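**Q** here is my input; please provide its structure:
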Amino acid sequence: MAHSHPDPACALAHGDLTAQHGMRTLVAVFASPVAAHLLHFGHDLGYRTVLVEPDLSRVDAASRPGHLRLASSVDPSFADGDADVVVTDHDRPELGALLDAALQTRARWIGVMGSPRHTAPHVAALRERGVPDDAVARVHRPIGLNIGSRTPAEIAVATLAGLIADRNHRPGGFSF
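**A** Now for the predicted structure:
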(Lines give C-alpha, C1' and ligand atoms only; values in the text may rest on other atoms or scores of the structure.)
Protein backbone atom coordinates (compact mmCIF):
# COMPACT_ATOMS: atom_id res chain seq x y z
CA MET A 1 0.00 0.00 0.00
CA ALA A 2 1.60 3.27 -1.08
CA HIS A 3 1.49 6.28 1.21
CA SER A 4 1.73 9.88 0.20
CA HIS A 5 4.43 11.58 2.26
CA PRO A 6 5.61 15.13 1.67
CA ASP A 7 8.82 14.34 3.61
CA PRO A 8 11.26 12.33 1.43
CA ALA A 9 12.73 10.66 4.53
CA CYS A 10 9.28 9.33 5.51
CA ALA A 11 8.58 8.27 1.94
CA LEU A 12 11.87 6.37 1.85
CA ALA A 13 11.19 4.71 5.24
CA HIS A 14 7.75 3.59 4.04
CA GLY A 15 9.19 2.17 0.82
CA ASP A 16 7.53 4.76 -1.40
CA LEU A 17 10.94 5.90 -2.69
CA THR A 18 13.80 3.63 -3.65
CA ALA A 19 17.14 4.11 -1.94
CA GLN A 20 19.87 5.09 -4.35
CA HIS A 21 22.54 2.43 -4.67
CA GLY A 22 26.09 3.09 -5.71
CA MET A 23 26.62 6.43 -3.97
CA ARG A 24 28.83 4.90 -1.25
CA THR A 25 31.44 2.16 -1.24
CA LEU A 26 32.06 -0.38 1.49
CA VAL A 27 35.48 -2.01 1.32
CA ALA A 28 36.01 -5.08 3.51
CA VAL A 29 39.67 -5.99 3.79
CA PHE A 30 40.40 -9.72 4.21
CA ALA A 31 37.93 -12.52 3.55
CA SER A 32 36.40 -13.47 6.89
CA PRO A 33 32.99 -14.31 8.34
CA VAL A 34 32.59 -10.67 9.44
CA ALA A 35 33.51 -9.46 5.94
CA ALA A 36 30.88 -11.76 4.41
CA HIS A 37 28.17 -10.27 6.64
CA LEU A 38 29.43 -6.70 6.16
CA LEU A 39 29.31 -7.01 2.39
CA HIS A 40 25.93 -8.75 2.36
CA PHE A 41 24.27 -6.21 4.68
CA GLY A 42 26.21 -3.35 3.08
CA HIS A 43 24.81 -4.19 -0.34
CA ASP A 44 21.31 -4.25 1.14
CA LEU A 45 22.01 -0.79 2.62
CA GLY A 46 22.95 0.63 -0.78
CA TYR A 47 26.74 0.38 -0.70
CA ARG A 48 28.83 -0.66 -3.68
CA THR A 49 30.76 -3.56 -2.17
CA VAL A 50 34.41 -4.50 -2.56
CA LEU A 51 36.34 -7.33 -0.96
CA VAL A 52 40.10 -6.83 -0.77
CA GLU A 53 41.88 -10.13 -0.32
CA PRO A 54 45.56 -10.49 -1.31
CA ASP A 55 45.33 -14.31 -1.08
CA LEU A 56 42.66 -15.21 -3.63
CA SER A 57 42.71 -18.85 -2.47
CA ARG A 58 40.75 -17.62 0.58
CA VAL A 59 37.84 -16.48 -1.61
CA ASP A 60 35.18 -18.99 -2.60
CA ALA A 61 34.41 -17.84 -6.14
CA ALA A 62 31.35 -20.09 -6.39
CA SER A 63 29.57 -18.31 -3.55
CA ARG A 64 30.71 -14.79 -4.45
CA PRO A 65 27.71 -12.56 -5.20
CA GLY A 66 27.62 -10.86 -8.59
CA HIS A 67 27.50 -7.36 -7.06
CA LEU A 68 30.80 -7.87 -5.21
CA ARG A 69 34.00 -6.47 -6.70
CA LEU A 70 37.15 -8.40 -5.78
CA ALA A 71 40.58 -6.77 -5.51
CA SER A 72 43.97 -7.80 -4.19
CA SER A 73 44.81 -4.39 -2.68
CA VAL A 74 43.14 -1.13 -1.71
CA ASP A 75 43.40 1.41 -4.52
CA PRO A 76 41.91 4.77 -5.54
CA SER A 77 39.74 3.23 -8.27
CA PHE A 78 37.23 2.29 -5.57
CA ALA A 79 38.57 3.80 -2.32
CA ASP A 80 37.42 7.33 -3.06
CA GLY A 81 35.99 10.06 -0.82
CA ASP A 82 32.75 8.08 -0.47
CA ALA A 83 34.43 4.84 0.62
CA ASP A 84 34.42 3.28 4.08
CA VAL A 85 37.27 0.78 4.54
CA VAL A 86 36.89 -1.88 7.25
CA VAL A 87 39.78 -4.24 8.02
CA THR A 88 38.21 -7.44 9.34
CA ASP A 89 41.33 -9.25 10.61
CA HIS A 90 44.05 -7.57 12.64
CA ASP A 91 46.32 -10.64 12.76
CA ARG A 92 47.16 -11.01 9.06
CA PRO A 93 50.77 -10.30 8.03
CA GLU A 94 49.51 -8.03 5.21
CA LEU A 95 47.85 -5.67 7.72
CA GLY A 96 50.46 -2.90 7.51
CA ALA A 97 50.73 -2.95 3.72
CA LEU A 98 46.97 -2.88 3.13
CA LEU A 99 46.33 -0.17 5.72
CA ASP A 100 49.16 1.88 4.25
CA ALA A 101 47.55 1.48 0.81
CA ALA A 102 44.17 2.55 2.23
CA LEU A 103 45.76 5.61 3.84
CA GLN A 104 47.14 6.60 0.42
CA THR A 105 43.58 6.91 -0.90
CA ARG A 106 40.88 9.49 -0.27
CA ALA A 107 38.76 6.97 1.66
CA ARG A 108 36.26 8.77 3.87
CA TRP A 109 36.71 6.40 6.81
CA ILE A 110 39.21 3.64 7.69
CA GLY A 111 38.87 1.27 10.64
CA VAL A 112 40.29 -1.98 12.01
CA MET A 113 38.32 -4.55 13.97
CA GLY A 114 39.69 -5.29 17.38
CA SER A 115 38.98 -5.17 21.07
CA PRO A 116 39.93 -2.01 22.96
CA ARG A 117 41.24 -4.36 25.70
CA HIS A 118 44.12 -5.51 23.49
CA THR A 119 47.08 -3.73 21.93
CA ALA A 120 46.32 -2.30 18.50
CA PRO A 121 48.69 -4.23 16.15
CA HIS A 122 48.01 -1.86 13.26
CA VAL A 123 49.88 0.98 14.98
CA ALA A 124 53.17 -0.96 15.09
CA ALA A 125 52.60 -2.33 11.58
CA LEU A 126 52.16 1.20 10.19
CA ARG A 127 55.05 2.70 12.15
CA GLU A 128 57.34 -0.07 10.85
CA ARG A 129 56.45 1.16 7.36
CA GLY A 130 57.28 4.77 8.30
CA VAL A 131 53.68 5.99 8.21
CA PRO A 132 53.44 9.36 10.01
CA ASP A 133 51.47 9.60 13.26
CA ASP A 134 48.80 11.88 11.75
CA ALA A 135 48.06 9.22 9.12
CA VAL A 136 48.02 6.44 11.76
CA ALA A 137 45.49 8.54 13.69
CA ARG A 138 43.07 8.32 10.72
CA VAL A 139 42.57 4.63 11.50
CA HIS A 140 39.63 4.01 13.83
CA ARG A 141 39.74 1.27 16.43
CA PRO A 142 37.55 -0.09 17.90
CA ILE A 143 34.88 0.18 15.23
CA GLY A 144 31.10 0.06 15.33
CA LEU A 145 28.57 0.88 17.99
CA ASN A 146 29.14 -0.50 21.47
CA ILE A 147 26.28 -3.01 21.58
CA GLY A 148 28.23 -5.94 23.01
CA SER A 149 28.43 -7.70 19.64
CA ARG A 150 30.22 -11.03 19.56
CA THR A 151 29.11 -13.01 16.49
CA PRO A 152 30.24 -12.10 12.97
CA ALA A 153 26.71 -10.92 12.05
CA GLU A 154 26.42 -8.80 15.21
CA ILE A 155 29.85 -7.25 14.59
CA ALA A 156 28.81 -6.44 11.02
CA VAL A 157 25.55 -4.83 12.16
CA ALA A 158 27.34 -2.78 14.85
CA THR A 159 29.98 -1.69 12.33
CA LEU A 160 27.48 -0.68 9.66
CA ALA A 161 25.34 1.16 12.23
CA GLY A 162 28.44 3.05 13.34
CA LEU A 163 29.34 3.93 9.75
CA ILE A 164 25.83 5.17 9.07
CA ALA A 165 25.85 7.24 12.27
CA ASP A 166 29.26 8.71 11.42
CA ARG A 167 28.27 9.50 7.84
CA ASN A 168 25.10 11.23 9.11
CA HIS A 169 26.98 13.09 11.89
CA ARG A 170 25.06 11.27 14.63
CA PRO A 171 26.42 9.79 17.87
CA GLY A 172 24.69 6.43 17.42
CA GLY A 173 22.83 4.68 20.23
CA PHE A 174 19.58 6.05 21.53
CA SER A 175 20.65 9.69 21.94
CA PHE A 176 18.74 11.96 19.59
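**Q** make it CA atoms for all contacts and neighbour counts henceforth
**A** OK.
**Q** does residue 50 count as helix, strand or coil?
**A** What DSSP: H, G, I helix; E, B strand; the rest coil gives for residue 50 is strand.
**Q** ok so residue 135 is a helix residue?
**A** Yes - assessed with three-state DSSP, residue 135 lies in a helix.
**Q** can I assume it is in contact with residue 103?
**A** Yes - contact criterion C-alpha atoms under 8 Å: residue 135 and residue 103 qualify, at 6.8 Å.
**Q** settle it for me: which of the two has more neighbours?
**A** The residue with more neighbours, out of residue 135 and residue 103, is residue 103; 21 against 12, by other C-alpha atoms under 10 Å.
**Q** and the more buried one, its phi and psi?
**A** phi -70, psi -20 (degrees, to the nearest 10).
**Q** any idea how far it lies from residue 109?
**A** Taking C-alpha to C-alpha, to the nearest Å as the measure, residue 103 falls 10 Å from residue 109.
**Q** so what sits against both of those two?
**A** Residues touching both residue 103 and residue 109 by C-alpha atoms under 8 Å, 6 or more residues apart in numbering: residue 138.
**Q** ok, longest helix in this structure?
**A** helix 152-167 (DSSP state H).
**Q** list the buried ones in that one?
**A** Using 16 or more other C-alpha atoms under 10 Å as the test for burial, helix 152-167 gives 152-165.
**Q** what's the answer for stretch 42-51, then?
**A** The neighbour-count check on stretch 42-51 (16+ other C-alpha under 10 Å) flags 42, 43, 46, 47, 48, 49, 50, 51 as buried.
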